[in-house]
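1. Make a model of this:
(one chain, ligands or ions: 2)
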Amino acid sequence: MEDSDAALIKKIENLKKSRNVIFLVHNYQLGEVQDIADLIGDSLELSQKAAKTNADVIVFCGVQFMAETASILCPDKIVLLPDLHAGCPMADMITAERLQEKKKEHPGARVVCYVNSSAEVKAESDVCCTSANAVRIVEKLTDAEEIIFVPDQYLGNYVSSQTGREMILWPGFCPTHTRIRVQDITRLKAEYPQAKVVVHPECRPEVTTLADEVMSTGGMIKFARETDAEEVIVGTEIGILYRLRKENPGKKFIPVSEQAICPRMKLITLDTILWSLENMAHQVKVPEEIRLRAKAAVDKMLEG
Ligand code: 13P
Ligand code: SF4
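-> Ligands and ions are numbered 1, 2, ... in the order given. This next block holds a predicted model:
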């Protein structure tokens, strides 16, 4: 670690104590950010933690929709996102207005929205889901005539394949996960014949059908801990490799693609975190009327 990093961390730790701060950190964050986490996890684990924390200030080291979800659940807390440009391109592929139009075309349909969406889109939805619980959430909608699934067509497609439910899919996608390609997995499987292949359900269907396991990032962390396999080929954003390697020093983790980087996730650095705490910015707050409707969809998901 560079001296400057140690000095930065000391300043961050001092401000953290004096302001009663919790650092919630997503599995794709830079290693130095993962190292200062109070909780590191996937979208579901982080929202569950946000819902229960006693801290006064939540610093969200992730992207906008994650900070918004924390604010939806904890309106009385200050939620800080250290860089306002840390958005999710997939979440931006749908708007509340366009979803309203789709709902008019299918008046009997229920709307399931992936947590990678704005508060406004959540407010137009019946229930939220993450990649960790999407299959279970859709399975529970037994009485729904039709289901509109937004905004990730690939997660939606995967959920359909697991539940046998046909759904109306929104054509959104994650530009990072579309970099995970079949030919790279095939090449790596030939190179590491004993390895298990785990991929995120945001990958294209031809990729998920090739994999041994399709999991949220939290699922991958658990799988890596429990598997007997000594080599694991990992098809998701490469930030997760830092944690996988740190927690499992005896195992080998091979990324499907070194190009599977989410640039917005990497905007959160020790420097931006310190700036954020010094300036108590950027505060993420959802207008109350939208928050209440969005919260109904998030609560429905968290009910289990
Ligand atoms: P997880 O909920 O699996 O951590 O995924 C979040 C995400 O943005 C994946 O691209
Ligand atoms: Fe959004 Fe993809 Fe980045 Fe996840 S990896 S935050 S889905 S752009």
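
2. that's a strand at C113, yeah?
-> Yes: according to DSSP: H, G, I helix; E, B strand; the rest coil, C113 belongs to a strand.

3. Give me the contact status of stretch 254-273 with ligand 2.
-> Yes: against ligand 2, stretch 254-273 shows contacts by CB under 6 Å from any ligand atom at C262, R264, M265. Just so you know, the C-beta spots here come from the backbone N, C-alpha and C atoms, and that holds for glycine as well.

4. and those, which of them are in strands?
-> The members of the residues of stretch 254-273 next to ligand 2 all map outside strands under DSSP state E.

5. Which members of the residues you listed are classed as buried?
-> Of the members of these, the ones counted as buried by neighbours, 16 or more other CB atoms under 10 Å, are C262, R264, M265.

6. Now render the residues you listed as TSV, adding pLDDT.
-> Supplementary listing: these in TSV, determined by pLDDT from 0 to 100:
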residue	pLDDT
C262	98
R264	98
M265	98
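
7. Adding distance to ligand 1, write the residues you listed out as CSV.
-> Output for these, formatted as CSV (distance: CB to the nearest ligand atom, whole Å):
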residue, distance to ligand 1
C262, 7
R264, 10
M265, 8
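
8. didn't R19 look like it was pressed against I58?
-> No: counting by CB atoms under 8 Å, R19 sits too far from I58 to count as a contact (11.0 Å).

9. Give me the more crowded residue out of those two.
-> I58 (25 against 15; other CB atoms under 10 Å).

10. neighbours around E124, how many?
-> Neighbours of E124 (other CB under 10 Å): 25.

11. oh, and call the first residue 55 from now on, that's how I've got it
-> Yep, numbering from 55; the last one is E178 now.

12. element containing the closest residue to it other than its chain neighbours?
-> Nearest non-adjacent residue to E178, counting by CB to CB, 6 or more residues apart in numbering: L153, 4.8 Å away. Element membership for L153 (DSSP states H and E) is helix 150-159.

13. how about that helix: buried residues?
-> By 16+ other CB under 10 Å, the buried positions in helix 150-159 come out as A150, L153, K156, K157.

14. Export these to a markdown table and append columns for pLDDT.
-> Shown next, in a markdown table, are the buried residues of helix 150-159 (pLDDT from 0 to 100):
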| residue | pLDDT |
| --- | --- |
| A150 | 98 |
| L153 | 98 |
| K156 | 98 |
| K157 | 98 |
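
15. from those, which is closest to I294?
-> Checking those against I294 by CB to CB gives L153 as the nearest, at 30.0 Å.

16. Pull the contacting residues for the closest one.
-> V165, V175, E178, S179, I202, V204, W224 (CB atoms under 8 Å, 6 or more residues apart in numbering).

17. Of those, which belong to strands?
-> In this view, the contacts of L153 that belong to strands under DSSP E are V165, I202, V204.

18. Show the buried residues in the residues you listed.
-> Here, 16+ other CB under 10 Å leaves V165, I202, V204 buried among these.

19. And the strands in this structure?
-> In the chain, the segments counted as strands under DSSP E are 75-80, 93-95, 111-115, 132-134, 164-168, 181-183, 201-204, 222-223, 250-253, 267-268, 285-289, 306-309.

20. Just put those strands in CSV and tack on mean pLDDT and distance to ligand 1.
-> Formatted as CSV, the strands of the chain follow (pLDDT from 0 to 100; distance: least, CB to the nearest ligand atom, whole Å):
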stretch, mean pLDDT, distance to ligand 1
strand 75-80, 98, 6
strand 93-95, 98, 7
strand 111-115, 98, 13
strand 132-134, 98, 18
strand 164-168, 98, 9
strand 181-183, 98, 10
strand 201-204, 98, 15
strand 222-223, 98, 17
strand 250-253, 98, 11
strand 267-268, 98, 11
strand 285-289, 99, 11
strand 306-309, 98, 14
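
21. out of those strands, which comes closest to L242?
-> Taking CB to CB, strand 285-289 is the member of those nearest to L242, at 5.0 Å.

22. Indicate each strand paired with that closest one and its parallel or antiparallel sense.
-> When pairing is defined by DSSP bridges, strand 285-289 lines up against strand 250-253 (parallel), strand 306-309 (parallel).

23. Pull the contacting residues for the residue positioned nearest the centre of the chain.
-> By CA atoms, centre = their mean, the chain has its centre lying nearest to S97, at 4.1 Å. Taking CB under 8 Å, 6+ apart as the criterion, S97 is in contact with H80, M120, T123, V169, N170, T184, S185, A186, S270.

24. I'd like the distance between it and ligand 1.
-> Applying CB to the nearest ligand atom, to the nearest Å, the value for S97 to ligand 1 is 3 Å.
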